[in-house]
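Undergrad: got a predicted model here, sequence first, then my questions.
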Amino acid sequence: ILPFVTIGEGAMVGAGSVVVHDVPKGKVVCGNPAKIIKSVSDIKCLLYPGKKYINLISSK
């Protein structure tokens with residue numbers, strides 16, 4: 001994340017991403033340079049008893 005870049009509340013940044021612009025609240029960014037790929041609301045986490053959680057990203 002470069003200096004003076006603001007990450008919005010609830011936003012997510014992918015590992016290794018190079019963030020060069022402000023990230024709006026509730027968005028998911030990744031890449032080099034980082035681009036918006038989804039809204040956090042599009043990501044769902046399911047928890048199964050006795051198993052690790054699985055992240056499911058809804059496709060549109």
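TA: Now that the structure is in, tell me what you want to look at. Numbering: from 1, shown residues only.
Undergrad: CA atoms for contacts and neighbours, from now on please.
TA: Noted.
Undergrad: how about the contacts made by the nearest residue to residue 12 once chain neighbours are set aside?
TA: Among residues not flanking residue 12 along the chain, residue 28 sits closest, at 4.7 Å (Cα to Cα, 6 or more residues apart in numbering). Shown in contact with residue 28 (Cα atoms under 8 Å, 6 or more residues apart in numbering): 11, 12, 13, 14, 36, 37, 38, 39, 40.
Undergrad: just these now: which is nearest residue 3?
TA: Of all these, residue 13 has the smallest distance to residue 3: 15.2 Å, by Cα to Cα.
Undergrad: could you give the number of residues near that closest one?
TA: Per other Cα atoms under 10 Å, the neighbour tally for residue 13 reads 19.
Undergrad: not counting its neighbours along the chain, what's nearest it?
TA: In space, residue 13 is closest to residue 29, 5.1 Å off (Cα to Cα, 6+ apart).
Undergrad: just to revisit the earlier point, any idea which element the residue nearest to residue 12 lies in?
TA: In this assignment (DSSP states H and E), residue 28 forms part of strand 27-31.
Undergrad: I'd like to know which elements the next helix or strand after that strand is packed against.
TA: Per DSSP H and E, the first helix or strand lying C-terminal to strand 27-31 is strand 34-39. When contacts are defined as 3 or more Cα pairs under 8 Å, 6 or more residues apart in numbering; DSSP states H and E, strand 34-39 packs onto strand 27-31.
Undergrad: give me the neighbour count for the residue nearest to residue 20 when sequence neighbours are not counted.
TA: Spatial nearest neighbour of residue 20, excluding adjacent residues (Cα to Cα, 6+ apart): residue 2 at 5.7 Å. Here the count is done by other Cα under 10 Å, and residue 2 has 10 residues near it.
Undergrad: ok, now residue 5?
TA: What residue 5 shows, counting by other Cα under 10 Å, is a neighbour count of 12.
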